[in-house]
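The following comprises the amino acid sequence and a computationally predicted model.
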Amino acid sequence: DGGVQSDCIMVASINNKTNEIKLVSVYRDTLMKVTSEKYGKANSAYNSGGPTDAIALLNRNLDLDIEKYISVNFNALADVVDALGGIEIDMTEEEVYWTNGYCTETSKVVGRETTELSGAGVHKLDGVQAVSYARIRYTEGMDFKRTQRQRIVLEKIAEKAQKANVITLNNIVNKVMPQISTNLSTANMLGLAAHAADYKLGQMSGFPFEVTTCEKVKNHKGSYVTAVGLEKNVSELHEFLFGEEDYEPSATVKDISNEVIYMTGVDPETYKTTTDYTYKSGGDDSEN
């Protein structure tokens with residue numbers, strides 16, 4: 001219902017003809033038009049107005065027409081992973097270190113203990129560890145890399161869920177459904193469930209595709225993730241999600257894009273980065 005920052009923001013697009021699912025993570029610190037009057041970080045919309053304002057932000061800034069949402073907490077994600085018997089993820093030494101660090105807080109939130117991981121390589125993560133891994137943002141790539149880890153967790157969950165038996169899936173539904181907030185109807189849920197075995201995860205990426213980090217934003221304090229041309233990025237997003245070539249963004253998006261350029265000085269026509277923060281995230285995760 002709001003009152004907290006959204007730690008993870010994802011847009012899922014399901015192609016009902018091919019059953020392909022595409023996922024796009026919206027970087028939480030992205031400078032966007034949060035309300036009709038105010039600019040701020042993308043995750044602040046959920047804080048101020050819950051799912052309604054979060055959906056409105058995505059539709060306003062990205063020319064989308066989202067109506068449905070699912071909102072989950074740490075506990076729900078941990079419960080899904082545990083119900084599936086854990087997920088296997090190939091981790092670096094740095095990721096192992098930070099996962100262990102995050103597990104202390106995550107264990108308190110979720111209400112159960114876990115074990116400590118050791119050494120780089122493939123690890124079978126339980127629910128607490130998987131949530132902790134998905135929360136890491138202090139490695140190379142910062143939040144950009146963190147969103148990729150979140151998509152990896154979802155990919156591994158989907159792979160195991162599609163191989164799980166009906167009893168396991170029913171147990172997940174019974175345990176997790178009370179913990180989520182959604183405006184999907186029972187009919188919506190049944191429609192999705194009917195094709196669950198046929199769905200396949202396609203390309204996944206972060207948004208904005210061309211992005212940098214801006215420390216100086218007019219009338220704002222702190223560091224912001226900034227699209228190197230929001231208008232261009234929105235056009236690319238529509239091609240990525242829906243196959244719309246040469247998509248022409250709306251006047252609203254063009255105005256927001258120009259305002260972001262004015263506030264940050266990050267003009268796609270002239271901007272040349274000299275920092276290590278610029279990151280091209282477009283396309284399939286496997287290409288990054």
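Everything's here; your move. Because the structure is predicted, anything quoted here is derived from the model rather than measured.

give me the element Thr212 is part of.
strand 210-214 (DSSP states H and E).

Touching, Leu84 and Ala161? I think so.
Yes: between Leu84 and Ala161 there is a contact under CB atoms under 8 Å: 6.4 Å. Every C-beta, even on glycine, is put in place using the N, C-alpha and C of the backbone.

just checking, what packs against the strand holding Thr212?
The helices and strands touching strand 210-214, judged by 3 or more CB pairs under 8 Å, 6 or more residues apart in numbering; DSSP states H and E, are strand 224-227, helix 230-242, strand 279-280.

between Leu84 and Ala161, what contacts are shared?
Common neighbours of Leu84 and Ala161, using CB atoms under 8 Å, 6 or more residues apart in numbering, are Ile172.

Have a look at those two and say which one is more surrounded.
With neighbours defined as other CB atoms under 10 Å, Leu84 and Ala161 compare such that Leu84 has more, 21 against 17.

nearest residue to that one other than its sequence neighbours?
Setting aside the residues directly before and after it, Leu84 is nearest to Lys160 in space (CB to CB, 6 or more residues apart in numbering), at 4.4 Å.

pLDDT at the one you found, what is it?
pLDDT for Lys160: 92.

Using CSV, write out the CA atom coordinates for the strand holding Thr212.
The C-alpha trace of strand 210-214 is given here as CSV (Å, rounded to 0.1, in the frame of the first residue of the first chain):
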residue,chain,number,x,y,z
GLU,A,210,21.7,3.9,-22.4
VAL,A,211,22.2,5.3,-19.0
THR,A,212,24.6,7.2,-16.8
THR,A,213,24.8,8.3,-13.2
CYS,A,214,24.4,12.0,-12.5
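
Could you tell me the angle between it and helix 230-242?
140 degrees (axes from the mean of the first three to the mean of the last three CA atoms, to 10 degrees).

so where do the strands sit in the stretch 51-200 of the chain?
Counting by DSSP state E, counting those that start in this stretch, the segments of the stretch 51-200 of the chain that form strands are 70-71, 87-91, 121-125, 181-182, 200-207.

Of those strands, give the one that comes closest to Asn19.
strand 200-207 (6.3 Å; CB to CB).

and the closest one with helix 230-242, angle?
Going by the same axes, to 10 degrees, strand 200-207 makes 170 degrees with helix 230-242.

What segments of this protein are helices?
In the chain, the helices defined using DSSP state H lie at 44-62, 74-83, 93-110, 127-135, 142-161, 166-176, 186-194, 230-242, 251-264.
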